[in-house]
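Novice: Show me how the following folds:
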Amino acid sequence: MKMFRTMFPYNCDTAIPENIAELVEAKGFDGLTGTISAARGFATIVDDVRVISSDGRTLLKYLESSRKANPAAVKQLAQERVDAAIDAGREVTEQLQYEFEEQARNEVIRYAPISQWAAFILVCPAEKLLLVSGSTAKKCEDALSFLRHMLEGLASVPWQFAGVESRVLTEYLTSGEGKSIYQLPADLTISPFGKTVATGSDTSLKITLDGVRNDTPEARSMLESMKIRTAEMALVNRPADGQIENLADFALHLPESGNPHLKRFDYDNDDPANDDGEDVQHRYAVEMLLVATTTARILKSLKAFFGVSDDSDDEQE
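Specialist: Now for the predicted structure:
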């Protein structure tokens, strides 16, 4: 069970109210019914539970669904009813034709395919983070907008440092080992064979290195005039005995326009003991703790890598 494969982090100081469960229940939504074409709200995470709280952290699941009636089917069904009315000797006015079209739309939409997506929101007051798992930045913003409206305020800022991230990463990878002015923290590694994506000043120019070394002189020569947008990294422990322990793998993605985020986030929650217990809520609580602490450590190390001090960050907050 991994909820946060793609992670959009936000800095957040907003406290979650004690009656969050009541607020979420009032905005509950588990799927479209009847002839409703679109709806959104907070879905159940497990059984009838919409909010899971553990160690001061809160987990929510935002769900949005929509469907659209096939225009051709609506037109055909409405026309059949118009023809039937004419055959019956009725006068088909504009109002009556409108009613036929609405009736047809309501009938057809019942059988229309449903498109839906979900986003997990993990609020971590201790880490001053708000972590959102969604496929795109826009969907994460939509989920946060709904939460913000429900709470009547939510101070959240995308985790970023004015665009220096790509420049620092590019300088580090193209300078050669030990020659960069930027130093990668000991608990972070960049895979030399991992997928590396870079773009030029014209974003149509794109280079992808996948399965080949990104630290050779040839690779550095190609990348030095570009900006690296994606690099595969890992969070590790380096104990005194020298046996490196891998804690999480992720691809740091730095889009041209958009917020930095983690893709293919693979954190270590594969303990078989997690699958044996009957308490599913406990399994979610374990993952909440793991995601919060692991992500906070990754972001802290990345912040140090980008040359942003804790003091300057505290002043901004």
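
Novice: Let me know the outermost residue of this protein.
Specialist: Distance from the centre of the chain peaks at G89, with 57.8 Å (CA atoms, centre = their mean).

Novice: Now it: which helix or strand?
Specialist: Using DSSP states H and E, G89 sits within no helix or strand.

Novice: ok, now how distant is A296 from A186?
Specialist: 17 Å (CB to CB, to the nearest Å). C-beta coordinates here come from the backbone N, C-alpha and C atoms, glycine included.

Novice: Between the two, which is the more surrounded one?
Specialist: Comparing A296 with A186 by other CB atoms under 10 Å, the one with more neighbours is A296, at 17 against 10.

Novice: isn't there a helix covering that one?
Specialist: Yes: according to DSSP: H, G, I helix; E, B strand; the rest coil, A296 belongs to a helix.

Novice: Excluding chain neighbours, what is closest to it?
Specialist: Among residues not flanking A296 along the chain, E127 sits closest, at 4.2 Å (CB to CB, 6 or more residues apart in numbering).

Novice: Could you tell me how many residues sit around that neighbour?
Specialist: 21.

Novice: so is it in a helix, a strand, or just coil?
Specialist: coil.

Novice: for the stretch 201-317 of the chain, what are the low-confidence residue spans?
Specialist: 203, 269-278, 309-317 (pLDDT under 70).

Novice: can you give me the helices in it?
Specialist: Assigned by DSSP state H, counting those that start in this stretch, the stretch 201-317 of the chain shows helices spanning 217-223, 273-276, 280-305, 310-316.

Novice: And those: which comes nearest V49?
Specialist: helix 280-305 (6.6 Å; CB to CB).

Novice: Pull out the buried residues from the closest one.
Specialist: 281, 283-288, 290-299, 301-305 (16 or more other CB atoms under 10 Å).

Novice: And the strands in the stretch 1-150 of the chain?
Specialist: Ranges of strands in the stretch 1-150 of the chain, per DSSP state E, counting those that start in this stretch, are 8-12, 38-42, 52-54, 57-66, 115-124, 129-133.

Novice: Dump these to a markdown table, plus mean pLDDT, distance to P260 and mean neighbour count.
Specialist: Formatted as a markdown table, the strands of the stretch 1-150 of the chain follow (pLDDT from 0 to 100; distance: least, CB to CB, whole Å; neighbours: other CB atoms under 10 Å):
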| stretch | mean pLDDT | distance to P260 | mean neighbour count |
| --- | --- | --- | --- |
| strand 8-12 | 93 | 8 | 23 |
| strand 38-42 | 92 | 26 | 18 |
| strand 52-54 | 91 | 27 | 18 |
| strand 57-66 | 94 | 21 | 21 |
| strand 115-124 | 93 | 17 | 20 |
| strand 129-133 | 94 | 13 | 26 |
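
Novice: Out of the ones you listed, flag the one nearest A85.
Specialist: Nearest of those (CB to CB): strand 38-42, 30.5 Å.

Novice: could you check the angle strand 115-124 makes with that closest one?
Specialist: 20 degrees (axes from the mean of the first three to the mean of the last three CA atoms, to 10 degrees).

Novice: which residues sit against strand 38-42?
Specialist: 24, 27-29, 32, 50-51, 60-67, 146 (CB atoms under 8 Å, 6 or more residues apart in numbering).

Novice: Of those residues, which pair is most distant in space?
Specialist: Using CB to CB, the contacts of strand 38-42 span at most 27.2 Å, a distance reached by V51 and R67.

Novice: closest one to A118 among the helices of the stretch 201-317 of the chain?
Specialist: Here helix 280-305 is closest among those (CB to CB), at 14.4 Å.

Novice: circling back: as JSON lines, the helices of the stretch 201-317 of the chain with distance to F120 would be great.
Specialist: Below are the helices of the stretch 201-317 of the chain laid out as JSON lines (distance: least, CB to CB, whole Å):
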{"stretch": "helix 217-223", "distance to F120": "34"}
{"stretch": "helix 273-276", "distance to F120": "17"}
{"stretch": "helix 280-305", "distance to F120": "9"}
{"stretch": "helix 310-316", "distance to F120": "26"}
